[in-house]
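Asks: Need a 3D model of the following:
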Amino acid sequence: MSTIKIAIAGLGNCASSLIQGIEYYKSKNINDAIGLMHWEVGGYRPYDIDVVAAFDIDKRKVGKDISEAIFSLPNCTTVFCDNIPKKDVAVSMGKILDGVSEHIATYDDKYKFIPSDEKEATKDEIVSILKDSGTEILLNFLPVGSEEAARFYAECALEAGVAYINNMPVFIASNPKWSQRFKDKGIPIIGDDIKAQLGATITHRTLVDMFQKRGVRLEKTYQLNTGGNTDFLNMLNRNRLSSKKTSKTEAVQSVLKDRLDDENIHVGPSDYVPWQKDNKVCYLRMEGKLFGDVPMNLELRLSVEDSPNSAGVVIDAIRCCKLALDRKVSGVLHSASAYFMKHPPIQYSDDEAYNMTNDFIENKRDN
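Replies: Purely as a prediction, here's the structure:
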């Protein structure tokens, strides 16, 4: 199989884990490949991915080879593969727009944002890089709240004629006008807002589904998360959280037969704890009624490394997107979006989405 050529907007912790993973699994085979949902996707293995372009705006990354940039501050994720060969791909200066919250630039810590000295790229320049590098798929890994920037890179993907995977909670794939533009252009899109492999949202959804199947009535629930990476630092600006809270809340509400009143459900980030670095701690509480209206409650604490937790899902999303390109499927990939994303255009149960995605991989359904 040929390699899948991808470009990345935002070379942060999630991109670091993805690139480490591509290299890490080169020494594995199907029998010892821990941490993957699929070893092969339509013949493509996890290491059949080549990063041919990358965009960032931080001085410590722009201009560096991506093999070095992924380990540069403010990145702080776990290093599980440090022998990344030089890629001969320098990180290009991107477009800032609303990609950085103002408080991060002045935060008195090594994880603050340091702007690059290079001039911001124009759309024409980014489109040119995408075309010249042979990019097939552009991944959006920008910070939460980067509404303008996410749409800017989606525009670049459309103009360059490359597929788009929107890993953040800006509603592009789930916006009918945007999704139609990708369909009209003849290119696929997967989105919005990546689910972790085993994170807070998928765990919360699974428990909600179990409550319903076991006849337990869920009456109140919350999900609180803390972390110490730049994503959590970014989210201290509550004005940037609207789409994130909507995405995470709807991912849980969509599993319920009867939606909870807004006052009885709270899903969202809680606080930034610097020493946690890329470790994310989730606290879930669920209150309900059992047989005879007898009350019960469940409390759960989940601790995971945030960025590797998403990379295992993204690596499958990339390969499904490549299959769509190979098969000339355009527009939203509904199966992959429902399985891999928190806020797809159409919500399905996780079991349905899993089966739909496998059917797509096996070419039993179009999208």
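
Asks: How about the residue nearest to residue 266 when sequence neighbours are not counted: which residues does it bridge to?
Replies: Spatial nearest neighbour of residue 266, excluding adjacent residues (CB to CB, 6 or more residues apart in numbering): residue 222 at 4.2 Å. From N, CA and C alone the C-beta is placed, and that goes for glycine too. According to DSSP bridges, the partner residues bridging residue 222 are residue 266, residue 285.

Asks: and residue 222, how far is that from residue 268?
Replies: For residue 222, the distance to residue 268 (CB to CB, to the nearest Å) stands at 9 Å.

Asks: now do residue 55
Replies: Taking CB to CB, one finds residue 55 at 28 Å from residue 268.

Asks: Neighbour count for these two, which is higher?
Replies: Each of residue 55 and residue 268 has its neighbours counted (other CB atoms under 10 Å); residue 55 has more, 26 against 18.

Asks: Make sure I have this right: the more buried one is in a strand.
Replies: Yes. Assessed by DSSP: H, G, I helix; E, B strand; the rest coil, residue 55 belongs to a strand.

Asks: Grab the nearest non-local neighbour of it.
Replies: residue 94 (3.5 Å).

Asks: and that neighbour, how many neighbours does it have?
Replies: For residue 94, the neighbour count with other CB under 10 Å is 28.

Asks: All further residue positions should be reported with the first residue as 54.
Replies: Fine by me, first position is 54 from now on; the one you just mentioned is residue 147.

Asks: Can you give me the distance of it to residue 171?
Replies: 10 Å.

Asks: Show me the helices in the stretch 104-253 of the chain, by range?
Replies: Under the criterion DSSP state H, counting those that start in this stretch, helices of the stretch 104-253 of the chain are mapped to 119-122, 155-158, 176-186, 200-213, 229-238, 253-266.

Asks: hey, least reliable of those helices by pLDDT?
Replies: Ranked by mean pLDDT, those bottom out at helix 155-158, which scores a mean of 81.

Asks: packing partners for that helix?
Replies: Helices and strands touching helix 155-158, by 3 or more CB pairs under 8 Å, 6 or more residues apart in numbering; DSSP states H and E, are helix 283-287.

Asks: can you give me the angle the longest helix along the chain makes with helix 253-266?
Replies: The residue-count maximum for a helix in the chain (DSSP state H) belongs to helix 359-380. Here helix 359-380 runs at an angle of 80 degrees relative to helix 253-266 (axes from the mean of the first three to the mean of the last three CA atoms, to 10 degrees).

Asks: pLDDT averaged over helix 359-380 - what is it?
Replies: 97.

Asks: what's next to the helix or strand following it, contact-wise?
Replies: Following helix 359-380 in sequence order, the next helix or strand is strand 384-385 (DSSP states H and E). For strand 384-385, the surrounding residues in contact (CB atoms under 8 Å, 6 or more residues apart in numbering) are 226, 232-233, 235-236, 241-244, 397-398, 420.
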